[in-house]
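# got a structure for you, letters missing:
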Ligand code: NAP
């Protein structure tokens, strides 16, 4: 059985293709999303750290693990590498290409983490911010950006109240260019804070930011663990598995 650590489009695509080819697989989700897009064979919830994952791999006779989690889901990626190495289970990481080769990447302010991103925005002075860093990290920007207009876009509401000058936009990608252009114009956005998630579903904001003359503050993604077999997408994972 192939265990696919999911929470991404690539994970869903891979499981659908494995199903189509009759290859036994199980998708695993963290359970963060209240209304996940579920298919047939899905388990939900953490494993209980590296030890729990190791137990799960043994008890379920897992032959290979595909880590198709989000590029910024560093914890589960680290755990998967540790558990698979300890057991000698094959591990493939779907490492979606980031945006560092984007035509405008050289003009962006690249930072290491959320704290540095908030400082970079403060250093830019007053401005109107589109914040697309995910529900879990949105409030990391308070109190640093409490004095700014911030349009925080996330698939689900953050777990606390937003500062007075912030607005919440609940939306799930893909985000086409027309809508992104409208968003930048309607809210007069001149700063974009985002993560180097890569992929096409959420990249139109980078074009819209460039057209609007907005400064882009881009958070670098964590490096994948050493020694893991990397593929760029679901098709790549399928090619090495079958
Ligand atoms: P994380 O910090 O790497 O993981 C924290 C813990 O959540 C893990 O130690 C594990 O708990 C559990 N977990 C994470 N992914 C899991 C999975 N696919 N199946 C079972 N347990 C999982 O992850 P995160 O950043 O909170 O992201 C959680 C999930 O959301 C990921 O699956 C990821 O693909 C998806 N996602 C994340 C982002 C993002 O920006 N981080 C964006 C879109 C989607 P145990 O230690 O108990 O096993």
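Arrived safely, thanks for sending. Since we're looking at a predicted model, the values are computed, not measured. Numbering: from 1, shown residues only.

# Which secondary structure element is home to the residue nearest to residue 42 when sequence neighbours are not counted?
Nearest residue to residue 42 in three dimensions, chain neighbours excluded: residue 27, at 4.7 Å (CB to CB, 6 or more residues apart in numbering). (Each C-beta comes from the backbone N, C-alpha and C, glycine too.) Assigning secondary structure by DSSP states H and E places residue 27 in strand 25-29.

# Just checking: what are the partner strands of that strand?
If you go by DSSP bridges, strand 25-29 pairs up with strand 2-5 (parallel), strand 42-44 (parallel).

# Give me the neighbour count for residue 223.
9 (other CB atoms under 10 Å).

# go on, residue 212?
A count of neighbours around residue 212, defined by other CB under 10 Å, yields 18.

# Need the single longest helix in this protein, by residues.
When the chain is parsed with DSSP state H, its longest helix is helix 74-87.

# Give the buried residues for that one.
Residues of helix 74-87 classed as buried by neighbour count (16 or more other CB atoms under 10 Å): 76, 77, 79, 80, 81, 82, 83, 84.

# quick check, distance from that helix to the centre of its chain.
Distance, stretch centre to chain centre, for helix 74-87: 18 Å (CA atoms, centre = their mean, to the nearest Å).

# Which residues does it contact?
Residues from elsewhere that reach helix 74-87 (CB atoms under 8 Å, 6 or more residues apart in numbering): 5, 30, 47, 49-50, 53-54, 57-58, 65, 67, 69, 89-91, 93, 222, 224-225, 227-228.

# could you pick out which of those are near the ligand?
Under the cut-off given by CB under 6 Å from any ligand atom, the ligand has 5, 30, 47, 49, 53, 69 from those close to it.

# could I get those as TSV with pLDDT?
Shown next, in TSV, are those (pLDDT from 0 to 100):
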residue	pLDDT
5	98
30	94
47	98
49	98
53	98
69	98
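
# May I see the PyMOL selection of the buried members of those?
Per 16+ other CB under 10 Å, the buried members of those correspond to this PyMOL selection:
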select buried, resi 5+30+47+53+69
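
# want to try TSV for the ones next to the ligand among the contacts of helix 74-87, with distance to residue 129 as columns?
Below are these laid out as TSV (distance: CB to CB, whole Å):
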residue	distance to residue 129
5	32
30	27
47	36
49	35
53	37
69	27
